[in-house]
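**Q** Okay, here's the prediction I keep looking at, along with the sequence it came from:
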Amino acid sequence: MRKNIFIAFLLIIILSLGLRFGFTENKVKGNDQLYKLIEIFSDSLAVIQKEYVDETKIKDLIYGSLKGMLSSLDPHSQFMDPDTYNELKVDTQGKFGGVGIEITLKNGILTVITPIEDTPAWKAGIKANDSIVKINDELTRDMTIAEAVKRLRGKPLEPVNITILRENEKKLLEFRIVRDIIKIKDIKYALILENGVGYIRLTEFRENSMQELNNALSNLSKQGMKALVIDLRNNPGGLLDEAVKVTSRFLERNKLVAYTKGRQKDNDLKFYADSRNPILDLPLAVLINEGSASGSEIVAGALQDYKRAIIIGTKSFGKGSVQTVIPLSDGSALRLTTSHYFTPSGKIIHGKGVIPDIEVIVKEEDAKENEDVEKKDSLKPEKETFKYKQDDQIVRALNVLEAIIFYKQTDKVQLK
């Protein structure tokens with residue numbers, strides 16, 4: 001039995017890794033250490049099957065081993081059984097039953113990247129960087145991201161209890177959140193603030209983000225927009241190609257937007273601006289905070305590198321790794337980190353984040369007050385709802401852009 005297990009598992013290893021990463025026959029044969037370690041694994045598997053107190057299924061043992069192997073790499077790599085893999089596919093549909101938070105593992109702790117605006121989690125008061133200690137009284141200590149997502153999602157109107165540890169609080173916080181259908185709205189606000197300064201809040205990068213942004217830009221231009229604030233705070237990312245398209249809208253064609261670098265050359269990719277009609281003369285300010293991640297960091301990092309925009313706010317989350325999903329023959333899959341993102345100048349995003357040009361720290365009480373106002377007035381017309389003068393980061397962006405507009409106008413007068 002041990003021999004059969006060893007041969008079967010060896011074949012799986014050679015086929016899955018060899019075909020994916022291009023190991024040559026000579027390299028596999030020459031790796032004596034690999035054979036020895038696989039033999040240890042097969043010995044352990046055989047002992048468990050024979051000696052363990054309860055009868056075990058070989059499939060469950062293999063799946064458990066693969067989960068452990070992938071989780072030992074980094075927080076974002078994981079083995080997904082067929083059910084978990086199907087759950088992942090739901091993410092791309094833009095509508096699902098859940099609480100409305102983006103999560104990750106940070107230093108081994110299940111952490112909120114950001115609550116999605118206007119969702120149950122956002123309304124309940126969940127914040128970026130909250131540590132999730134329990135879900136329905138179940139400790140999250142050894143829970144993977146996929147397992148946590150599975151527990152957080154469920155039928156609409158069903159409650160889920162979440163225990164949170166917040167850095168500046170001295171006690172555990174309990175939240176009872178009622179699940180709802182999570183509908184992602186890419187652009188929440190698009191309006192002129194004052195003195196020709198436009199404002200667009202982009203909440204996530206999804207399939208129609210670029211189209212919605214173009215519509216918003218067109219409408220604001222008709223209203224006499226002279227400068228623009230792009231608000232990427234609490235934007236967890238989304239689709240890479242949409243983030244690149246958004247960045248391209250404000251850069252010269254063929255400018256490098258971002259690139260990836262991994263161990264395999266096949267995973268080294270470069271993304272270039274390809275907009276046919278880029279907006280190059282519009283002063284820009286981009287707002288970021290600790291809830292800005294992934295695609296938001298690509299946009300902010302590229303516009304900062306080219307000095308195309310002034311980045312205002314606080315340091316972003318620092319999630320800049322690329323996960324490749326590799327389907328396996330039985331319907332399961334590997335979600336494997338294969339490379340990291342870099343800004344055009346070569347700065348790594350992962351674990352570092354984007355540092356703003358102008359740091360504006362919002363006091364906790366001010367942030368809560370702003371959120372409460374938005375939640376209370378969410379049914380009112382846009383201009384009545386949006387109390388931007390209570391937001392220090394928006395006010396700073398407004399002041400900076402107004403100064404740039406004034407400078408440009410003065411410069412034109414002097415030239416005449």
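**A** Thanks, I have the structure now. Numbering: from 1, shown residues only.

**Q** What are the buried residues along stretch 308-319?
**A** Under the neighbour-count criterion of 16 or more other C-beta atoms under 10 Å, stretch 308-319 has 308, 309, 310, 311, 312, 313, 314, 316, 317, 318, 319 buried. Quick note: C-beta positions are derived from backbone N, CA and C, even for glycine.

**Q** what pLDDT, on average, does it get?
**A** What stretch 308-319 shows for mean pLDDT is 96.

**Q** List just the nearest of the buried residues of stretch 308-319 to residue 42.
**A** residue 319 (36.9 Å; C-beta to C-beta).

**Q** That closest one and residue 348: what is the separation?
**A** Distance, residue 319 to residue 348, by C-beta to C-beta, to the nearest Å: 12 Å.

**Q** now do residue 213
**A** 27 Å.

**Q** Which of these two has more residues huddled nearby?
**A** Remark: of residue 213 and residue 348, residue 213 carries more neighbours, 21 against 16, as counted by other C-beta atoms under 10 Å.

**Q** Where does the more buried one sit: helix, strand or coil?
**A** Following DSSP: H, G, I helix; E, B strand; the rest coil, the label given to residue 213 is helix.

**Q** tell me the contacts of it?
**A** 186, 187, 200, 202, 246, 249 (C-beta atoms under 8 Å, 6 or more residues apart in numbering).

**Q** got these as TSV, with neighbour count and pLDDT columns?
**A** Compiled in TSV, these are given as follows (neighbours: other C-beta atoms under 10 Å; pLDDT from 0 to 100):
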residue	neighbour count	pLDDT
186	22	85
187	17	91
200	20	97
202	27	95
246	25	97
249	19	97
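
**Q** What is the nearest of those residues to residue 165?
**A** Checking the contacts of residue 213 one by one against residue 165 (C-beta to C-beta), the nearest turns out to be residue 202, at 29.7 Å.

**Q** Among the buried residues of stretch 308-319, which one sits closest to residue 74?
**A** residue 319 (11.5 Å).

**Q** Looks like that closest one contacts residue 235 (just checking).
**A** No - counting by C-beta atoms under 8 Å, residue 319 does not reach residue 235; the two are 11.5 Å apart.

**Q** Pull the strand or helix carrying residue 410 out as CSV, backbone CA atoms only.
**A** Element membership for residue 410 (DSSP states H and E) is helix 392-415. C-alpha atoms of helix 392-415 as CSV (Å, rounded to 0.1, in the frame of the first residue of the first chain):
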residue,chain,number,x,y,z
ASP,A,392,-9.8,67.1,5.9
GLN,A,393,-8.2,65.1,3.1
ILE,A,394,-10.6,66.3,0.4
VAL,A,395,-10.2,69.9,1.7
ARG,A,396,-6.4,69.6,1.4
ALA,A,397,-6.7,68.2,-2.2
LEU,A,398,-9.1,71.1,-3.0
ASN,A,399,-6.7,73.7,-1.7
VAL,A,400,-3.8,72.2,-3.6
LEU,A,401,-5.7,72.1,-6.9
GLU,A,402,-7.1,75.5,-6.5
ALA,A,403,-3.5,76.8,-6.0
ILE,A,404,-2.4,75.0,-9.2
ILE,A,405,-5.4,76.5,-11.2
PHE,A,406,-4.5,80.0,-9.9
TYR,A,407,-0.9,79.5,-10.8
LYS,A,408,-1.7,78.4,-14.4
GLN,A,409,-4.1,81.3,-14.9
THR,A,410,-1.5,83.8,-13.6
ASP,A,411,1.1,82.2,-15.8
LYS,A,412,-1.1,82.7,-18.9
VAL,A,413,-1.8,86.3,-18.0
GLN,A,414,2.0,86.9,-17.8
LEU,A,415,2.6,85.3,-21.1
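
**Q** Which neighbouring elements make contact with it?
**A** strand 187-194, strand 197-202, strand 227-231, strand 284-288, strand 310-313 (3 or more C-beta pairs under 8 Å, 6 or more residues apart in numbering; DSSP states H and E).

**Q** Can you spell out the domain ranges of the chain, please?
**A** 2-56, 86-93+95-182, 187-412 (automatic domain parsing).

**Q** ok now do the residue nearest to residue 219 when sequence neighbours are not counted, which residues does it touch?
**A** Ranked by C-beta to C-beta, 6 or more residues apart in numbering and with sequence neighbours excluded, the top spatial neighbour of residue 219 is residue 190, at 6.6 Å. By C-beta under 8 Å, 6+ apart, the residues touching residue 190 are 198, 199, 200, 201, 216, 219, 220.
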